[in-house]
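In: I need the structure of the sequence given here:
(one chain, ligands or ions: 2)
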Amino acid sequence: MAVNEDLRTPIVSVMGHVDHGKTTLLDRIRGSTVAEGEAGAITQHIGATEVPIDVIVDKCGNPALRDKFMVPGLLFIDTPGHHAFTSLRSRGGALADLAIVIVDINEGFMPQTIESLQILKRFKTPFIVVANKIDRIHGWEPQKNAPFMVSYNKQSERVKSELDRKFYEVVGELYNAGFNSERYDRVTDFQRNIGIVPISAMTGEGIPDILMVLLGLAQRFLEGNLHYDANGPGVGTVLEVKEEKGLGTTIDVILYDGTLKKGDTVIVGSLGKPIQTKVRALLKPRPLTEIKAEEKFKQVAEVTAAVGVKISAPNLEGALAGAPVRVVSLETIDAITAEVKSEIADVQIDTDSVGVTIKADTIGSLEALVNELKKEEIPIRKAHVGDVSNRDIVEVSAIEDPFYKVLIGFNVKVLSDAKGKIQDSDITLFRNDVIYRLIDDYKDWVKEQKELAEKEMSDTIVKPGRFQIMPNCTFRQSKPAVVGVKIIGGMVRTNVDVTTVDGTVVGKVKGIQSRGENISEARVGMEVAIAIEGATVGRQIKEEDFLFVNVPERHAKTLENEIYDSLTADELETLDAFLEIKRKGNPFWGK
Ligand code: GTP
Ligand code: MG
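Out: Ligands and ions are numbered 1, 2, ... in the order given. Below you'll find the model as predicted:
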């Protein structure tokens, strides 16, 4: 049996928790090193790679298989595992005919493993589970690129039983998620049981097995669905909008249905009106290359799903990554334009009336950034796809709240007309190509700014203080009274008013001395001499009296509402005791 030209290439999405090895697995299949080149070592955009059937059969190590399978190859989709990218994952899941859910056998199921399973359940996508990183099992003897059973049989009994134990944990977790599963070679009915393949994406062990099982699944489940109508109009999704030398703006697309030809009229989603344009050139990445990383494209006259392809056409500047691409005819153009428009409207993002302003390079990453900011309860004033423009600067400059006078950009540039402006403005710009770093940077900055503001405030604000006049320590009775005191809580500074425990102001601290030296403040625990102007010992104050620093009402308010968190436990206790005195007469004092 040869390749059946009527079968379309199945799309296989690789999904799973961050760092469990999706990109490395694809690297192993295509013989590349994409994972090593990623910013922050995480995948942040969907990718696509075509793997021809010959390569797959070759990697399976059994040339006889060549005649058994009819699909022309597999189109692998790499998805991000980081929790921020829920929408990209579901997009990857929605595109898929088949999927691989990868789980680190040593770490077990994690939140995005479960999320991936839920997405596949929702779309009823057949999948296999890959238990990765078996080479990390203590004592494992790697057998490069060997089929799993070959490698397994060469391990010691202890290593084997350790692998079995971890393997059955995965089976148990799948059961909890609602799936029956077994090791792939023991599965007789793939419709009732999920096959699990233990592998190492690092050493290549188990890779032949994955490809075998995938081909089998593709053949069995998909034969019915994969016949395509060669005349069917192409349907796809924009992966990325890219500037290319000599071509201008191009779009990288996954065509998942139908055919796309040079000269076709296509509708492409954008933030405004959908773009209508004519395909000038179709550029295909070489087999086994990730479209995101390809530099040598081949011009072709037409492509058939499923395939990753670069489209060169006029007016693509406003195209939106994540948006649909549809081939239209005279009859369908109006209806399809309206459909594309409403699909984009669905991804508009709820914003708050005050908050940060964010920009990102694609719809998917903008959604991811929004999700993360929401989780941190950081309000968002405006969220848009695109580079930082002059207009953004003008708008953000007008914001008064210093914490929101910021622009947060994920994977975007600052346009040349905005560059000078931003330097002259008091806007703070955060840019990064890793989402969580961007958010951390903003949070760190806010914390720093708050600390600075608090420090400034606490330098000028009267802090609470409680002290006791010590017995036999009256050095002078009045004008001013000079007494020895012990600071019980908080601090006493010069020029603060002093009050008794019933709230009467008795005088002002004119000076503080410690061991004969003038000092400006005395902190808890210190014994010092203080001069109190306006009080007379024996009249308003006497030895062993407890006295308080009289915190003015406005300062008390600031202490309680704005810098409470920066006060020490002992300052807090002193403040509370002081407020209690003040609020005895007036419950709303300082509120
Ligand atoms: P995201 O795209 O961010 O979700 O991660 P990912 O699932 O694509 O993981 P990636 O392939 O980037 O691998 C994460 C780390 O695990 C890298 O340091 C890999 O080298 C390592 N790794 C992947 N597979 C294996 C494996 O089989 N064995 C060992 N020892 N390390 C592995
Ligand atoms: Mg990855």
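In: Please count neighbours and contacts with C-alpha atoms only from this point.
Out: Will do.
In: Give me the residues contacting stretch 427-442.
Out: By Cα atoms under 8 Å, 6 or more residues apart in numbering, the list of residues contacting stretch 427-442 from outside reads 39-40, 44, 369, 372-373, 393, 396-397, 405-412.
In: Next up, the contacts around the nearest residue to I194 once chain neighbours are set aside.
Out: Excluding its sequence neighbours, the residue lying closest to I194 (Cα to Cα, 6 or more residues apart in numbering) is S181, at 4.4 Å. Counting by Cα under 8 Å, 6+ apart, S181 touches V171, L174, Y175, V187, N193, I194, G195, I196.
In: Return the residues of the stretch 1-150 of the chain in contact with ligand 2.
Out: T23, T43 (Cα under 5 Å from the ion).
In: Now do the helices in the stretch 1-150 of the chain.
Out: 22-30, 53-60, 86-95, 111-123, 148-153 (DSSP state H, counting those that start in this stretch).
In: least reliable of those going by mean pLDDT?
Out: Mean pLDDT values for the helices of the stretch 1-150 of the chain show the minimum at helix 86-95, a mean of 69.
In: ok, back up a step: mind putting the helices of the stretch 1-150 of the chain into a markdown table with distance to T265 and mean neighbour count?
Out: Shown next, in a markdown table, are the helices of the stretch 1-150 of the chain (distance: least, Cα to Cα, whole Å; neighbours: other Cα atoms under 10 Å):
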| stretch | distance to T265 | mean neighbour count |
| --- | --- | --- |
| helix 22-30 | 33 | 23 |
| helix 53-60 | 31 | 18 |
| helix 86-95 | 23 | 22 |
| helix 111-123 | 30 | 18 |
| helix 148-153 | 48 | 16 |
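In: quick one: which of the contacts of S181 sit in strands?
Out: I194, G195, I196 (DSSP state E).
In: Run through the bridge partners of the last one.
Out: So the one you mean is I196. Using DSSP bridges, the bridge partners assigned to I196 are V129, R183.
In: Kindly provide the distance from it to D209.
Out: Counting by Cα to Cα, to the nearest Å, the separation of I196 from D209 is 10 Å.
In: V370 looks like it's in a helix, true?
Out: Yes: under DSSP: H, G, I helix; E, B strand; the rest coil, V370 sits within a helix.
In: re earlier: looking at I196 and D209 now, which is surrounded by more residues?
Out: Set I196 next to D209 and count neighbours by other Cα atoms under 10 Å: I196 wins out with 26 against 22.
In: quick one: low-confidence ranges for the stretch 51-200 of the chain?
Out: Applying pLDDT under 70 to the stretch 51-200 of the chain flags the ranges 83-93.
In: try 80 this time
Out: Within the stretch 51-200 of the chain, the stretches with pLDDT under 80 are 61-70, 81-95, 190-191.
In: Can you point out the helix or strand that includes L163?
Out: Applying DSSP states H and E as the criterion places L163 in helix 157-176.
In: got the CA positions of that helix in PDB?
Out: These are the backbone C-alpha positions of helix 157-176, laid out as PDB (Å, rounded to 0.1, in the frame of the first residue of the first chain):
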ATOM      1  CA  GLU A 157      15.800  -5.500  38.400                       C
ATOM      2  CA  ARG A 158      15.800  -2.600  40.800                       C
ATOM      3  CA  VAL A 159      15.600   0.000  38.000                       C
ATOM      4  CA  LYS A 160      12.800  -2.000  36.300                       C
ATOM      5  CA  SER A 161      10.700  -2.100  39.400                       C
ATOM      6  CA  GLU A 162      11.300   1.600  40.100                       C
ATOM      7  CA  LEU A 163      10.100   2.400  36.600                       C
ATOM      8  CA  ASP A 164       7.100   0.100  37.000                       C
ATOM      9  CA  ARG A 165       6.200   1.800  40.300                       C
ATOM     10  CA  LYS A 166       6.400   5.300  38.700                       C
ATOM     11  CA  PHE A 167       4.600   4.100  35.700                       C
ATOM     12  CA  TYR A 168       1.600   2.800  37.700                       C
ATOM     13  CA  GLU A 169       1.400   6.200  39.500                       C
ATOM     14  CA  VAL A 170       0.800   7.700  36.000                       C
ATOM     15  CA  VAL A 171      -1.900   5.000  35.400                       C
ATOM     16  CA  GLY A 172      -3.500   5.900  38.700                       C
ATOM     17  CA  GLU A 173      -3.500   9.600  38.000                       C
ATOM     18  CA  LEU A 174      -5.000   9.000  34.600                       C
ATOM     19  CA  TYR A 175      -7.700   6.900  36.200                       C
ATOM     20  CA  ASN A 176      -8.400   9.800  38.600                       C
END
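In: Is there proximity between that helix and ligand 1?
Out: No: judged by Cα under 6 Å from any ligand atom, helix 157-176 and ligand 1 are separated, with a smallest distance of 13.7 Å.
In: Quick one: list the elements packing against that helix.
Out: If contacts are counted by 3 or more Cα pairs under 8 Å, 6 or more residues apart in numbering; DSSP states H and E, helix 157-176 sits against strand 181-183.
In: just checking, which of the contacts of stretch 427-442 belong to strands?
Out: Of the contacts of stretch 427-442, the ones assigned to strands by DSSP E are V406, L407, I408, G409, F410.
In: Kindly supply the PyMOL command isolating those of the contacts of S181 that are buried.
Out: To isolate the buried members of these in PyMOL, using 16 or more other Cα atoms under 10 Å:
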select buried, resi 171+174+193+194+195+196
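In: and the contacts of S181 as JSON lines, adding distance to R158?
Out: As requested, the contacts of S181 are exported to JSON lines (distance: Cα to Cα, whole Å):
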{"residue": "V171", "distance to R158": "20"}
{"residue": "L174", "distance to R158": "25"}
{"residue": "Y175", "distance to R158": "26"}
{"residue": "V187", "distance to R158": "25"}
{"residue": "N193", "distance to R158": "28"}
{"residue": "I194", "distance to R158": "27"}
{"residue": "G195", "distance to R158": "24"}
{"residue": "I196", "distance to R158": "21"}
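In: Skipping adjacent residues, who's closest to the residue of the stretch 101-250 of the chain found nearest ligand 2 in space?
Out: Using Cα to the ion, I102 is the residue of the stretch 101-250 of the chain that sits closest to ligand 2, at 11.0 Å. Ranked by Cα to Cα, 6+ apart and with sequence neighbours excluded, the top spatial neighbour of I102 is V130, at 4.7 Å.
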